[in-house]
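Engineer: could you look at this predicted model? Sequence included:
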Amino acid sequence: MASVTLRTKGIDKKGYSLFLDIYNEGHRYKEYLKLYVSKDYLKPENKNVLKQDKESWELAKAIQAKRIIQIKESIAGFIPKSSKQDFIQYYREQATQRGSETYQYVLTYLIEFNKSEKLPFKVLDEKYLKDFIGFLKTQELSTSSLRMYLSRISAVLNQAVKDKVIQTNPFHHLKRGLGGDIPAETQSKIEYLTLNELRSLNDTAFDDCVRHFFFFSCFSGLRLSDLMKMKWTDIKEGTLTYTQVKQGNVKTHYLPLSAQALSLLPAISKKQVKVMKGKQELVFAHVPPKRKINTQLKAWAKKAKLDKNVHIHVGRHSFATLALTSGVGLYTVSKMLGHSKIGTTQIYAEVIDEVKQKAADLMPSL
């Protein structure tokens with residue numbers, strides 16, 4: 001049995017706050033309306049509503065009637081809980097709580113696809129998700145990134161089920177695997193550049209904003225998100241201090257920057273002043289958005305006659321492989337990359353082993 005009851009709560013100097021006491025499917029919750037009246041009109045002696053309270057009281061009664069209708073209709077499994085009626089608003093709250101920056105990347109794509117920051121839960125059905133997946137497939141994402149982004153939305157929808165906002169997660173109706181709506185997991189190839197290939201890029205004229213940004217990534221190993229948050233004041237005596245938030249926990253990293261990375265800073269500062277008419281707080285405030293950077297990196301690689309799919313993350317991969325081939329230990333590389341588990345770094349060691357094996361196979365025989 002469901003019910004929506006209008007109630008009052010006494011508040012000092014403000015009279016009474018109005019809220020709805022909602023009971024539905026065995027769960028009770030309160031919806032505070034941010035409406036106030038000078039008297040408690042639920043008491044028999046206060047039957048006549050004063051003129052200054054009439055608008056707030058009538059609005060509260062109208063909202064109560066609307067909630068009753070919503071519960072009766074139960075459209076598309078939606079449980080009326082006004083603070084969480086909009087998926088994008090709910091998703092943004094969850095993303096903040098969970099901390100992982102990939103949730104923010106998904107939010108950007110979702111708003112771009114939706115063409116609005118308003119997305120009612122009842123619209124987010126199986127068809128909508130299929131269309132969104134189709135949109136993501138046009139964004140030059142790797143299969144692993146696409147799967148990860150979809151998992152973020154599914155996780156938020158699972159939480160919405162737990163919070164009794166929706167009855168079922170529409171992702172559960174999508175087909176997975178080969179030929180399905182959600183692509184099968186594949187072992188993605190680690191794309192990286194050798195020292196000679198980096199030299200080829202360096203010898204090829206290109207826009208300094210992208211050039212500096214990519215080379216700094218190659219010689220620091222930083223992720224895109226950490227590069228974009230990096231401040232000039234974070235770099236002291238050759239060491240970069242930065243923080244990462246994972247699963248709600250904040251971890252501080254201290255990264256000694258290589259001589260090559262440090263040598264780029266004066267040129268970066270000079271370019272920033274030229275582009276933005278002054279030095280900014282962020283080191284890469286003058287750099288274009290991610291998508292434009294990737295487009296320009298592909299053009300730069302093509303100009304340098306490199307037959308590789310160069311994108312922003314290739315810089316991080318290149319740092320890891322260069323460090324390992326130069327004799328830096330796996331544990332040290334893992335710490336420099338900010339990995340919480342050395343097993344994550346092990347994949348680069350496997351890449352290096354493969355390179356060494358190919359080199360050995362080229363040795364002539366007697």
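Structural biologist: On my side now, so go ahead. Numbers count the residues shown, from 1 in each chain.

Engineer: need the contact list for residue 260.
Structural biologist: Each residue near residue 260 by Cβ atoms under 8 Å, 6 or more residues apart in numbering is listed here: 215, 219. The C-beta positions use only the backbone N, C-alpha and C, and glycine is treated the same way.

Engineer: now do the buried residues in the helix or strand in which residue 52 is found.
Structural biologist: Following DSSP states H and E, one finds residue 52 within helix 51-73. Taking 16 or more other Cβ atoms under 10 Å as the basis for neighbour counts, the residues of helix 51-73 that come out buried are 53, 56-57, 60, 63-64, 67-68, 70-71.

Engineer: who are the packing partners of whatever helix or strand comes next after it?
Structural biologist: Of the helices and strands lying after helix 51-73 in sequence (DSSP H and E), the nearest is helix 87-98. Where contact means 3 or more Cβ pairs under 8 Å, 6 or more residues apart in numbering; DSSP states H and E, helix 87-98 is packed against helix 101-114, helix 143-162.

Engineer: quick one: which of these is nearest residue 252?
Structural biologist: With Cβ to Cβ as the criterion, residue 252 lies closest to helix 101-114 of those, at 16.0 Å.

Engineer: how's the protein carved up into domains?
Structural biologist: Structural domains assigned to the chain are 3-73, 83-173, 195-361, following automatic domain parsing.

Engineer: export the ones you listed to TSV and tack on mean pLDDT and distance to residue 183?
Structural biologist: Formatted as TSV, those follow (pLDDT from 0 to 100; distance: least, Cβ to Cβ, whole Å):
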stretch	mean pLDDT	distance to residue 183
domain 3-73	84	35
domain 83-173	85	5
domain 195-361	90	18
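
Engineer: what does stretch 144-153 contact?
Structural biologist: Counting by Cβ under 8 Å, 6+ apart, the neighbours of stretch 144-153 from elsewhere in the structure are 91, 100, 102-103, 105-106, 109-110, 129, 133, 136-137, 141, 171, 182-183, 185-186, 188.

Engineer: kindly indicate whether residue 30 is helix, strand or coil.
Structural biologist: The three-state assignment at residue 30 reads strand, by DSSP: H, G, I helix; E, B strand; the rest coil.

Engineer: repeat that for residue 116.
Structural biologist: Assigned with three-state DSSP, residue 116 falls in the coil class.

Engineer: distance of it relative to residue 88?
Structural biologist: Between residue 116 and residue 88 the computed distance is 8 Å (Cβ to Cβ, to the nearest Å).

Engineer: good, we can wrap up now.
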